[in-house]
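>>> Task: produce atomic coordinates for the following.
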Amino acid sequence: MSRTKAIQYYIFARLMLAPIMLWTITTLVFLLLRATPGDPADAILGARASQEAKEDLRRQLGLNDPLIIQYLNYILSLLRLDLGNSYTSRGLPVVDIIRDHFPATLELSLCGMFVAIVVGTSIGIFSASRPNTVFDVSGRLFGIITYALPVYWVGMILQLIFSVNLGWFPTAQRFNSIFVPNSFTGLYTIDSILEGSLDKFLVSVHHLALPSLTLGFLLSGIFERIVRVNLKQTLQADYVEAARARGIKEGRILLAHALKNALIPVITVLGLTFAALLGGAVLTEVTFSWPGLGFAFSNAIGERDYSTVQGIMVFFGSIVVVISIAIDIINAYIDPRIRY
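The predicted structure is shown next:
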């Protein structure tokens, strides 16, 4: 079988697996929500509400139906692309909640990912090009420490230092006034540029800086470790030794030969990390009161809002599945070492 046909077969197989992965995600979310303690009626009406009122609400929400009936109704709604309505938030459709909050999460994730790539890749290249030195050891420690530090702890420490004590950054929100940029994309930095307002752009960046730096700094250790390990292995390859024997300068060997091949695994990590970042920004958004989808997700869990939690998880799960398939396809084309 030719490589082109093998790649086409591989892509077809990955696309066929996508519905199975989405079904697994949706089923797990449904079952785990029902298995956790707590009653949506108690969370919505409060502890002092009468038992009759709670029973009436459970009947309206379909929570008194057998579990299999609830599950079938849930799956049928998803097949109609209907994520349902929020139990709270005045019955707002979950799609509207996602539409209103996702731009904030996307903006934070993009900026955090940019910081992570720049910092992690730079430290990884620097430490790998100086093996068995203090720089190599420092890079290794950087990767371990940043990976181990909890986001909420680092976020609170940075807020305490740079927001409370020094007053350099705001402690919460995306903007400090009601005069937000006109909504074109929902990303305040981009919308400010499209509007031609430098003042609004600077305000947006000012609010975005601390949470994105926190998130990016803690994620940078992942890229540092991947780049350092792969680049050190690549620099020991035969073709690198041959290039050195021909008298090619070390800097050109590093940038033109070794780095290109060492970055292939980074593409996989980049896509999957960004997908996980979109769904894993919950702690960062809660810590910085960032009004994104993670913040809405956290509130929905506290309010036992099954519809909102399920809808957001299905949305994030779909993103993870799509990005993972896209990364596999990209790797299949750019890396001839992959076999099927």
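>>> Find the residue closest to Val309 in space, skipping its chain neighbours.
Ala300 (4.8 Å; Cβ to Cβ, 6 or more residues apart in numbering). C-beta here means a position set from N, CA and C on the backbone, and glycine is covered the same way.
>>> and the one you found, what helix or strand is that in?
helix 293-302 (DSSP states H and E).
>>> what's the following helix or strand after that helix?
Using DSSP H and E, the first helix or strand after helix 293-302 is helix 306-334.
>>> Which positions within that following helix qualify as buried?
Neighbour counts over helix 306-334 (16 or more other Cβ atoms under 10 Å) mark 306-317, 319-321, 323-325, 327-328, 331-332 as buried.
>>> residues contacting the residue nearest to Val309?
By Cβ atoms under 8 Å, 6 or more residues apart in numbering, the residues touching Ala300 are 86, 88, 308-309, 312.
>>> How about Phe135?
126-127.
>>> That one should be in a helix, yeah?
Yes - under DSSP: H, G, I helix; E, B strand; the rest coil, Phe135 sits within a helix.
>>> can you tell me how far it sits from Arg174?
From Phe135 over to Arg174 the distance is 38 Å, taken as Cβ to Cβ, to the nearest Å.
>>> Check Lys5 too.
Lys5 is 49 Å from Arg174, by Cβ to Cβ.
>>> Val29 too?
28 Å.
>>> Comparing those two, which residue is more hemmed in?
Arg174 (23 against 20; other Cβ atoms under 10 Å).
>>> and that one, what pLDDT?
At Arg174, the model reports a pLDDT of 79.
>>> Leu210 now?
90.
>>> So it sits against Phe169, correct?
Yes - the pair Leu210 and Phe169 passes the contact test of Cβ atoms under 8 Å, sitting 4.3 Å apart.
>>> what residues are shared contacts of the two?
159, 162-163.
>>> Would you mind putting those into TSV with neighbour count, distance to Ile125 and pLDDT alongside?
As requested, these are exported to TSV (neighbours: other Cβ atoms under 10 Å; distance: Cβ to Cβ, whole Å; pLDDT from 0 to 100):
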residue	neighbour count	distance to Ile125	pLDDT
Gln159	21	31	88
Phe162	17	28	89
Ser163	16	32	85
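>>> closest to Gly292 among those?
Checking the shared contacts of Leu210 and Phe169 against Gly292 with Cβ to Cβ, the nearest one is Gln159 at 16.8 Å.
>>> hmm, back to that, just flag the most distant two among the contacts of Ala300.
The widest separation within the contacts of Ala300 (Cβ to Cβ) is 13.5 Å, between Thr88 and Ile312.
>>> In CSV: the contacts of Ala300, plus distance to Phe12.
Shown next, in CSV, are the contacts of Ala300 (distance: Cβ to Cβ, whole Å):
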residue, distance to Phe12
Ser86, 38
Thr88, 42
Thr308, 35
Val309, 33
Ile312, 30
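>>> quick one: least confident of the residues you listed?
Lowest confidence among the contacts of Ala300: Thr88, with 76.
>>> and it, how many neighbours does it have?
If we define neighbours as other Cβ under 10 Å, then Thr88 has 18 of them.
>>> residue contacts, it?
Thr88 sits next to 44, 300, 303, 305, 308 when contact means Cβ under 8 Å, 6+ apart.
>>> can you check Asn182 too?
Asn182 sits next to 191, 194-195 when contact means Cβ under 8 Å, 6+ apart.
>>> Dump these to TSV, plus secondary structure and neighbour count.
Shown next, in TSV, are the contacts of Asn182 (DSSP: H, G, I helix; E, B strand; the rest coil; neighbours: other Cβ atoms under 10 Å):
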residue	secondary structure	neighbour count
Asp191	helix	21
Leu194	helix	15
Glu195	helix	15
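>>> Let me know the closest of the residues you listed to Gly62.
For these, the nearest to Gly62 is Asp191 (39.2 Å; Cβ to Cβ).
>>> For that closest one, list the residues it contacts.
Counting by Cβ under 8 Å, 6+ apart, Asp191 has contacts 181-185, 200.
>>> Show me how to select, in PyMOL, the buried members of those residues.
Entered in PyMOL, the line below selects the buried ones among these, by 16+ other Cβ under 10 Å:
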select buried, resi 181+200
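>>> Max pairwise distance over the contacts of Asp191: which two?
Thr185 and Lys200 (13.6 Å).
>>> what's the distance between Ser183 and Phe175?
Counting by Cβ to Cβ, the gap from Ser183 to Phe175 is 12 Å.
>>> Actually, Phe184.
In terms of Cβ to Cβ, Phe184 sits 15 Å off from Phe175.
>>> Could you do Ile44 as well?
With distances taken as Cβ to Cβ, Ile44 is found 30 Å from Phe175.
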